[in-house]
Every structure is written in C-alpha cells, then in structure tokens.
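**Q** Next input, structure requested:
(chains A and B)
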Amino acid sequence: MRPVFHGPEEYQRRLPYRFLPFRFIDLEDQKLLVNLVGEHALLSNDSFRSLVRRELDATSGVYEDLKARHFLADTDSDTPVRLLATKLRTKYSFLAGFTSLHIFVVSLRCDHSCQYCQVSRVTAEKSKYDMTIDSANRGIDCVFRSPSLRVKVEFQGGEPLLNFDLIKHIVESVSHRNNVLPEHRRKVVDFVIATNLAMVTDEILAFCKEYSIYISTSLDGPASLHNANRPRPGGDAHELTLRGIERVREALGHHAVAAVMTTTRLSLEQPEAIVDQYVALGFSHIFLRPISPYGFALRTHKRTGYERSSFLDFYKRALRHIIELNQGGNHLVETYSQILLTKILTPHATGYVDLQSPAGAGISAVVYNYDGDVYASDEGRMLAEMGDKSFRLGSLASNSYEEIFGGPLIRRLVESSINESMPGCADCAFQPYCGADPIENHATQGDIVGHRPTSDFCSRNMGIIKHLLSLYHGQDPYPRVLFHAWAQGASIDSLVPRETA
Amino acid sequence: MRRMRPTLRTGLRSVTRMVPDQHLTVDTRVHDLETIRRACYSMSDRCAFHLDQIDEGHVRVSCQPVGSDTLPDGFVKTFENTLIDFGIRATLARETAVIRDLIYRQAFVEADL
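**A** You can find the predicted model right below:
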C-alpha cells in the first residue's frame, strides 16, 4: 500500500527544476509571480531573469520559497500536482452550489430620486410595478430547485418595503416549505431586505425579528453628500436613514443592518469624511463601490460620473484612512479589499459574483423582476429598464427552470466569462484574483467578451490589486498583518503575538 | 529539458519618421506572430495596430496613436519590453501546458460536480 506520509528523502532535489504553471507582471520595479491557484511571490528582476534562464541557485532562499509555493518542482513526486489540484478545486467550489443568491424585485416603486439610481424607478403611486403573488410563487419554486445548501433571498426594488405584504408572503412561504423538507434536504436560508429605511415601521421590524431578516441600506457619507446624491421630498434622506438604522438596531441588534455606499463625483474629494461617518455609526464594514454605468447613472453621468483614475485615487485615500483607523483601534473592514485579499491570501472561494470565473451572472445569482421576467444579474435587469433586454433569461410565467437556467443565454455567458481563456485575462498574473463582467462589457463596450485594455472593470481591478499587493509588500508591516486578519475574518489581535512579561 | 536562450537582440528594427502612423519592423525569428499579436493587444488602448507580413522573417507593425498625433513617450522601448515579456509568457505556457492540464483534470475529477 502506498504510504500516506513520506520521509524527507522523498523531497530532496533530484532533478533540474521545471516550472509549474504561473504568470507574472511588473510591480514597482520587481516581478510579481502568481501561480494557478493565486499564490504569489515577489522577485527582483535579477532573480526573475535567473529563474526563467534556469540559473536560479538551488540553495538560495528564493529557490526554496518558490518551491514551497509551487512555482517550480525538482523531484518526480506528484505532491505539487495533488496540492495544486486540491487548492484549485477549493477555488472553484462555488460552482457546486450553482445559484445561491435569489433576488426578488418586489416593486419598482420608490419614494427617493437618487441621481445614480441604477433601476430607473417610477414614482410611488404606480402600483402596476409591483410583483404578483403568482410570480413570487414561481420564483420560490426556482429557489428550491437550486442545489445550493445555503441560499440568500434578497428583496430589492425600487423600494421593496412599498410592497411589504409580498415580502411577508415570500418569507413565510420559503420558511414553511423549507421546514417541511426532510432534514437532510433543508437549506440554510438567509433573508435580506435592501431598503432606504424611510418606510420602516414597528410591524416590519417585528416581522424581521421573527424571521431573522437582515437589513441592507445605503449610506453615501455625511449628510451633505448623502442628501445631494439621494434627493427626496423634504430633503431629509440622511436623517431618515440614520433614524432607520437606529430603529433597526434597537429592534434586531447592532449587526442586523449593514450599509453600502456609492461613489459619485461629489464623493471623490471626501473619502476620509465618508469613512469617518461609517465609524461614527459603529459599522464594522464599508464597501467602497464605484458608480455603475446603468440606469439613471448613465443619464446623469455628466453630474455624477468620473474618470477611472479618479476612483482609484479616492479608493487609495479611503483605504489609507481605514488602515490608520484600524491601527488606532477602530476595527473597520473595507469589503472589496477583503474579498480580493481572501482570493490573494487564501485558497477559498468567495460568493462575490463580479469576481468569479465564470462570471456569477445567472449561475451564482439570479434576479426575478417585478414583471416576472428573470435576469442573469441585477445589472442585466438595469439594462432592461433602459430598453436592452439582452440578459433576460426568460419568464417565470412561461419558461421552465431548465429553460431559464440551462438555456442558450446562460451558456453563452459562461463561455464568454471564463477568464482563464479570455483575451488579455489569459496572460494576466491577476487572473486567479479577478473575474469577468460580461454585462458591463456589453453595456460599455458593445461586446460581452469585452476589450481588456480599454475596460474600466479591468483597469479598476488591476489598480486595486496592485495597490493591495504594494501595501502588503511595503516597508510598513502593519498592513500585512491587517490584510491577513481581513482575509481570514479574524481579529488582528489574534494574529499579533502577545508580548509576555 | 530545453533551456530558454537569453534574447540578445530584440529583433526590433527601425522606427521611421515621426508621423501619426509609425512603423516598426519585427524579426519573427526572434518574436513569433502570436507574441507580436498579444503584445499589440495589450497596448491597444494607446495605439491602433496593423500588421503586415513583409517577407518570411519580418512583420511590419504600424502604430497609429489613439487620441494624439504622436506616440506616447518611451513607446518603442515599452513595446520592446512587452514583446520580451509575452515571449517569456508564451514559453512558460508551452512548457507547463501538460502539467496545467493535469492539475485541472485532477481538480475536477475529484470535484463530483
């Protein structure tokens, strides 16, 4: 029988080294190497030249490091292959669950008039923009057809609380249906309502408490910025949001509500103030999101839009401030950085659909629109509101589950978003960390594969990843420890050794 | 196992006159067509490229700057280095193709998808 563990002699160097798959990119006058599963190494240009010429000194620390991280092999052992295969399988583990995020757009009605609104909402009086019970029930059928053992049911709009009765129906139906399943087939179901909190009542909060529903709201920053971005009658969007957050926390607990921000042109000069607002309100996470090229955001681009380099500058300033705050004892995580660092520093998959390969559109997340149409992503739905239904997967009323989730459109999206083989991505060192966004490619470049050198998605992610890696390998050791804490979901204190007396 | 030979010449000859369309001649014995194409693609945010086969061993790369009358500063040097980088990438990809395929197969065979 083949032994499970081998002695050290098994791993002694016996052969001239051969390469294991990796890519490389320039990073601040050095070469960054990234292998198939995202492990990375930073080499001087001289060491890189020696490596590719097969002249690297086998007794050097660089050599040992590269061997340990599976950039080269010098024995005939199959251990590197087995380990890399295991890590690769872990990276792709999200595929097994298929569609785990099910978004129900229960109403397109809204009481706000956000300038960057991505869904082109209609005014609150038009009730024909509410989802019907029949559509909701068919959507629930799809939820239970998903093989995923853990699903998230998210309610969006417009303002979903304007159709709270339907939210109640869906939550109660899903919970009941799940509870009558045999135990081994029951799913873990998370419910989230994405709301501006202006309509929240005690009755709504009591229901959320009963069913452990999380709340996600928008908070763009301090009052002047938030109100300018999100006008409503009365001009008090910020005050309503803060009041709503407080009410939710009182009723459901401090961590039952999370906030997301959207970066507009007005945001660019005040990253620190935005971050400070999140700290002041006791949030543990902030998600630095760029504006999306959909919906009203496109129409108001001249007022709200900005160049890609401007967002990167904003991001770097905000991240610097966040790192300083953490160093001062305020624990705030930047969510997008955390997602990327999880991919950079661990073999784990993340559920963030925009950084998956193939893209998560349709296969990880799906949107059931108020009119019964089904879309591959929220962005696909936004495009439909602008008159472009290219990403409509089908209709709950007239298409079967197989037609919606196994039809030609989903197959085309998958084929066109495997970044291991896409032009530009196939050569990119950051391929294991990145993803693909066929819908943004279509919306901004007219093609779902897209053109990488002129892609905002590409340049934004490359800029952020380079910045994170530069900080990680920089002179200051603190970001390195902080980033490991973020990647592992651990507190930084648990990673820093205590000094003994 | 074949050693990668250091590139002593870039195979890049002559930048002709400074006009909106600039022409570079690349020796395809040093940089093959696939490498040239990938290098051009990676820089196609700065230039529109056109490739012509001059003869069996040479390709003319015509570069028309995007949004300007002249090429960006240091363009030729950057293009030279980009060719070298993509040449190394092509060699690495070729040499690791079999083991990469093996790793993917091993990963998915055991995934029970």
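**Q** In the stretch 201-350 of chain A, mark out all the strands, start to finish.
**A** In the stretch 201-350 of chain A, strands defined by DSSP state E, counting those that start in this stretch lie at A:213-218, A:257-263, A:285-286, A:288-290, A:333-334, listed in chain order.
**Q** If you could redo that for chain B, that was the one I meant.
**A** All strands of chain B, identified by DSSP state E, fall at B:12-15, B:22-27, B:47-55, B:58-65.
**Q** May I see these arranged in a markdown table, with mean neighbour count as well?
**A** From N, CA and C alone the C-beta is placed, and that goes for glycine too. What follows is the strands of chain B, written out as a markdown table (neighbours: other Cβ atoms under 10 Å in any protein chain shown):
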| stretch | mean neighbour count |
| --- | --- |
| strand B:12-15 | 13 |
| strand B:22-27 | 18 |
| strand B:47-55 | 13 |
| strand B:58-65 | 17 |
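**Q** How about the residues of chain B by chain A?
**A** B:1, B:3-4, B:6, B:38, B:41-46, B:85-86, B:88-89, B:91-92, B:95-96, B:99-100, B:102-104, B:106-108, B:110-113 (Cβ under 8 Å from any Cβ of the partner chain).
**Q** filter those to the buried ones?
**A** Buried members of those, counted by 16 or more other Cβ atoms under 10 Å in any protein chain shown: B:4, B:38, B:41-44, B:46, B:85-86, B:88-89, B:91-92, B:95-96, B:99-100, B:103-104, B:106-107.
**Q** quick one, what contacts A:Phe94?
**A** Residues near A:Phe94 by Cβ atoms under 8 Å, 6 or more residues apart in numbering or on different chains: A:100, A:349-351, A:356, A:360, A:364.
**Q** So among those, where is pLDDT lowest?
**A** Lowest pLDDT among the contacts of A:Phe94: A:Gly351, with 84.
**Q** Pull the contacting residues for it.
**A** Neighbouring residues of A:Gly351 by Cβ under 8 Å, 6+ apart: A:94, A:100-101, A:364.
**Q** and with 7 Å instead?
**A** A:Gly351 sits next to A:94, A:100, A:364 when contact means Cβ atoms under 7 Å, 6 or more residues apart in numbering or on different chains.
**Q** where's the first one relative to chain B, distance?
**A** Spelled out, that is A:Phe94. Remark: distance between A:Phe94 and chain B (Cβ to the nearest Cβ, to the nearest Å) = 11 Å.
**Q** what does the last one give?
**A** Using Cβ to the nearest Cβ, one obtains 14 Å as the distance from A:Ser364 to chain B.
**Q** Give me the nearest residue to that residue, chain neighbours excluded.
**A** Closest residue to A:Ser364 apart from its sequence neighbours, by Cβ to Cβ, 6 or more residues apart in numbering or on different chains: A:Val353 at 4.8 Å.
**Q** isn't the one you found right up against A:Gly360?
**A** Yes: applying Cβ atoms under 7 Å as the test, A:Val353 and A:Gly360 come out as touching, 2.7 Å apart.
**Q** neighbour-wise, which of these two wins?
**A** The neighbour comparison of A:Val353 against A:Gly360 (other Cβ atoms under 10 Å in any protein chain shown) goes to A:Gly360, with 27 against 22.
**Q** From A:Thr99, how far out is the more buried one?
**A** 9 Å (Cβ to Cβ, to the nearest Å).
**Q** cool, and A:Asn441?
**A** Here A:Asn441 is placed at a distance of 21 Å from A:Thr99 (Cβ to Cβ).
**Q** ok, the two, which is more surrounded?
**A** A:Asn441 (24 against 20).
**Q** count of neighbours near the nearest residue to A:Gly282 once chain neighbours are set aside?
**A** Nearest non-adjacent residue to A:Gly282, counting by Cβ to Cβ, 6+ apart: A:His254, 6.7 Å away. The number of residues packed near A:His254 is 12, by other Cβ under 10 Å.
**Q** top helix in the chain by residue count?
**A** Defaulting to chain A. If you go by DSSP state H, chain A has its longest helix at helix A:308-327.
**Q** Can you look at chain B instead?
**A** Chain B, longest helix under DSSP H: helix B:75-109.
**Q** what about that helix, distance to the chain center?
**A** Mean C-alpha position of helix B:75-109 versus that of the full chain (Cα atoms, centre = their mean, to the nearest Å) differs by 12 Å.
**Q** Packing partners of the host helix or strand of A:Asn178?
**A** Per DSSP states H and E, A:Asn178 falls inside helix A:164-179. Where contact means 3 or more Cβ pairs under 7 Å, 6 or more residues apart in numbering or on different chains; DSSP states H and E, helix A:164-179 is packed against helix A:133-145, strand A:150-156, strand A:188-194.
**Q** which one of the ones you listed lies closest to A:Pro8?
**A** Taking Cβ to Cβ, strand A:150-156 is the member of the helices and strands packed on helix A:164-179 nearest to A:Pro8, at 41.5 Å.
**Q** what about that closest one, distance to the chain center?
**A** Strand A:150-156 sits 15 Å away from the centroid of its parent chain (Cα atoms, centre = their mean).
**Q** what does stretch A:142-151 give?
**A** 20 Å.
**Q** what does the average pLDDT come to for that stretch?
**A** For stretch A:142-151, mean pLDDT is 95.
**Q** Can you tell me which residues in chain A are near chain B?
**A** By the rule Cβ under 7 Å from any Cβ of the partner chain, the part of chain A lying against chain B is A:16, A:18-21, A:23, A:36, A:52-54, A:81-82, A:84-85, A:88-89, A:92, A:95-96, A:423-424, A:427, A:453-454.
**Q** Among those residues, which are located in strands?
**A** Filtering the residues of chain A next to chain B for strands - DSSP E - leaves A:18-19, A:23.
**Q** Highest neighbour count among the residues you listed?
**A** Counting by other Cβ under 10 Å, top hit in those: A:Phe19 with 21 neighbours.
**Q** which non-adjacent residue is nearest it?
**A** Per Cβ to Cβ, 6+ apart, closest to A:Phe19 is B:Thr96, 5.3 Å.
**Q** Distance-wise, check the one you found relative to A:Arg23.
**A** As for B:Thr96, its distance to A:Arg23 is 10 Å (criterion: Cβ to Cβ).
**Q** Give me the phi and psi for the spatially closest residue to A:Phe98 that is not a sequence neighbour.
**A** In space, and not counting its chain neighbours, A:Phe98 is closest to A:Pro147: 5.3 Å by Cβ to Cβ, 6+ apart. When read as degrees, to the nearest 10, the backbone of A:Pro147 gives phi -80, psi -10.
**Q** looking at it, A:Pro147 is touching A:Gly97, isn't it?
**A** Yes: using Cβ under 7 Å as the test, A:Pro147 is close enough to A:Gly97 to be in contact (6.5 Å).
**Q** So if I had to pick from those two, which one is more boxed in?
**A** Between A:Pro147 and A:Gly97, counted using other Cβ under 10 Å, A:Gly97 has the larger neighbour count: 18 against 10.
**Q** Please spell out which residues along the helix holding A:Asn178 are buried.
**A** Neighbour counts over helix A:164-179 (16+ other Cβ under 10 Å) mark A:164, A:166-167, A:169-171, A:174, A:177-178 as buried.
**Q** between the strands of chain B, which gets the lowest average pLDDT?
**A** For the strands of chain B, mean pLDDT drops lowest on strand B:12-15, to a mean of 48.
**Q** Residue ranges in chain A under the pLDDT threshold?
**A** Residue ranges of chain A with pLDDT under 70: A:1-3, A:10-14, A:112-127, A:293-306, A:308, A:495-501.
**Q** Look up the closest residue to the residue most central in space within it, ignoring the ones flanking it.
**A** Nearest to the mean C-alpha position of chain A, by Cα atoms, centre = their mean, lies A:Tyr352 at 3.1 Å. Closest residue to A:Tyr352 apart from its sequence neighbours, by Cβ to Cβ, 6+ apart: A:Ile339 at 4.8 Å.
**Q** next one: B:His31
**A** Counting by Cβ to Cβ, 6+ apart, B:Leu83 is the residue found nearest to B:His31 once chain neighbours are left out, at 4.8 Å.
**Q** which ones are touching that neighbour?
**A** Per Cβ under 7 Å, 6+ apart, neighbours of B:Leu83: B:10, B:31, B:35-36, B:39.
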